[in-house]
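**Student:** Prediction below, plus the sequence it came from.
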There are 2 protein chains.
Amino acid sequence: MPSSQEIERILRSAELRVTRPRVAVLHSVHQHPHADTNSIIDDVRRRLGEVSHQAVYDVLQALTSAGLIRRIQPSGSVARYEARVADNHHHIVCRSCGAVADVDCSVGFAPCLTPPEAHGYAIDEAEVIYWGICPTCSASPSGSRELLAATPKDAPQLLSTTPASASEPQLHTH
Amino acid sequence: MPSSQEIERILRSAELRVTRPRVAVLHSVHQHPHADTNSIIDDVRRRLGEVSHQAVYDVLQALTSAGLIRRIQPSGSVARYEARVADNHHHIVCRSCGAVADVDCSVGFAPCLTPPEAHGYAIDEAEVIYWGICPTCSASPSGSRELLAATPKDAPQLLSTTPASASEPQLHTH
DNA sequence: GACACAGACTTGACTGATTCAAGAAAAGGA
DNA sequence: TCCTTTTCTTGAATCAGTCAAGTCTGTGTC
């Protein structure tokens, strides 16, 4: 978890001005991988007091296009962000609760796969999303819930990370 | 391209009632792979006259959960649908214009990849999205457009399929 | 062929993530 | 410290998608 000084340094090295919202957002994304925008807004407000949601949207976009964070958006989910950008890794998403976990890419660098026929596209990334059921959901008796990809809004998709049993902390899930 | 009789048969074999909106939607998805919901609504109305958007949403969901069509939603795009469901194939998405093309999966059946560490998830599918620039966009001089994944709404993302140069027909792109 | 009923469609309102735009505030170089 | 440029605030708007209540219609049964 980078310190505030490191966060500042990271921002400056990307030629981004250092502002309180930016520091707080970058901190939050480091601390809560796969958090959705709303959770990040709440977390930033917990740190700084009132901050406009627009500011957080702007910051997330600035950090994303500077390559400091990465935006992921599995089918049927809202946008989520993570600070792990140095490597080329992939994600496992739970169809039931939307929890996201990281998966290392065995190749390591993008694109890690080559399609058999690229149709003339210049490919720079192969994004892999593994779909399945997380340990918590497969253990819980309410296994009859609608699945995420089929009916997105039925599932508590705003779970910002893996559910309670997992190691990553869970931001708010409203 | 299945005939109307075949469409009817497909619906019945999935134990779905045969209604005009369902026939039209399934027809449309067969005819325009990777079309977004709005394009499908327009196309259905072209065939049938006025049909409520809610009906089309309902039909798309019914067909999806019956396994007759597949919903895909690359990061930063709206939902798109395709009728190619028998195999396990993947997609190439253009970062610039959002065009989608199919890529065969060399394994063929899901999940075609196994993650090095599944974190206890029961994985049933590996969805691969190749990101790149399509031939049309890399040929066009306006190559400085914002990229799709970074700033979704800047690109004409509603292109329902590959751009003009490609073989698939293009539905409206509003 | 007529009837009944569950399932499908219409209508209209609503939600929620995200974006737009204009003006105020603040970061950072001169 | 001042000035310029960028960022943040405020408030409204957009757009995909959903909800809910009532009407209609496909389909099995008589």
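**Tutor:** Happy to help now that I have it.
**Student:** all helices for chain A, in order.
**Tutor:** Along chain A, counting by DSSP state H, helices occupy A:4-13, A:20-31, A:37-48, A:53-65, A:135-139.
**Student:** looking at the ones you listed, which is buried most?
**Tutor:** Among the helices of chain A, helix A:20-31 has the highest mean neighbour count (mean count of other Cβ atoms under 10 Å in any protein chain shown), at a mean of 21. The C-beta positions use only the backbone N, C-alpha and C, and glycine is treated the same way.
**Student:** from the chain's centre, how far out does that one sit?
**Tutor:** Here helix A:20-31 is found 13 Å from its chain centre; the criterion is Cα atoms, centre = their mean, to the nearest Å.
**Student:** just to revisit the earlier point, can I get the helices of chain A in a markdown table with distance to DNA strand C and mean pLDDT?
**Tutor:** Below are those laid out as a markdown table (distance: least, Cβ to the nearest atom of the strand, whole Å; pLDDT from 0 to 100):
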| stretch | distance to DNA strand C | mean pLDDT |
| --- | --- | --- |
| helix A:4-13 | 6 | 96 |
| helix A:20-31 | 6 | 98 |
| helix A:37-48 | 4 | 97 |
| helix A:53-65 | 4 | 98 |
| helix A:135-139 | 21 | 92 |
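**Student:** Out of those helices, flag the one nearest residue A:121.
**Tutor:** Of all the helices of chain A, it is helix A:53-65 that lies closest to residue A:121, at 21.6 Å by Cβ to Cβ.
**Student:** and the helices of chain A as a markdown table, adding distance to residue A:74?
**Tutor:** As requested, the helices of chain A are exported to a markdown table (distance: least, Cβ to Cβ, whole Å):
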| stretch | distance to residue A:74 |
| --- | --- |
| helix A:4-13 | 26 |
| helix A:20-31 | 17 |
| helix A:37-48 | 14 |
| helix A:53-65 | 16 |
| helix A:135-139 | 15 |
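**Student:** Dump these to a markdown table, plus distance to chain B.
**Tutor:** A markdown table is the format used below for the helices of chain A (distance: least, Cβ to the nearest Cβ, whole Å):
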| stretch | distance to chain B |
| --- | --- |
| helix A:4-13 | 18 |
| helix A:20-31 | 16 |
| helix A:37-48 | 13 |
| helix A:53-65 | 5 |
| helix A:135-139 | 4 |
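**Student:** do you know which of those lies nearest residue B:52?
**Tutor:** The nearest among the helices of chain A, by Cβ to Cβ, is helix A:37-48 at 30.6 Å.
**Student:** How far away from the center of its chain is the closest one?
**Tutor:** Relative to its chain's centre, helix A:37-48 lies at 15 Å (Cα atoms, centre = their mean).
**Student:** Give me the angle between that helix and helix A:20-31.
**Tutor:** Inter-element angle recorded for helix A:37-48 and helix A:20-31: 120 degrees (by axes from the mean of the first three to the mean of the last three Cα atoms, to 10 degrees).
**Student:** I'd like to know which elements helix A:37-48 is packed against.
**Tutor:** Secondary-structure packing of helix A:37-48 (3 or more Cβ pairs under 8 Å, 6 or more residues apart in numbering or on different chains; DSSP states H and E): helix A:20-31, helix A:53-65.
**Student:** check whether the shortest one contacts DNA strand D.
**Tutor:** What it means is helix A:20-31. Yes - counting by Cβ under 7 Å from any atom of the strand, contacts between helix A:20-31 and DNA strand D involve A:20-22.
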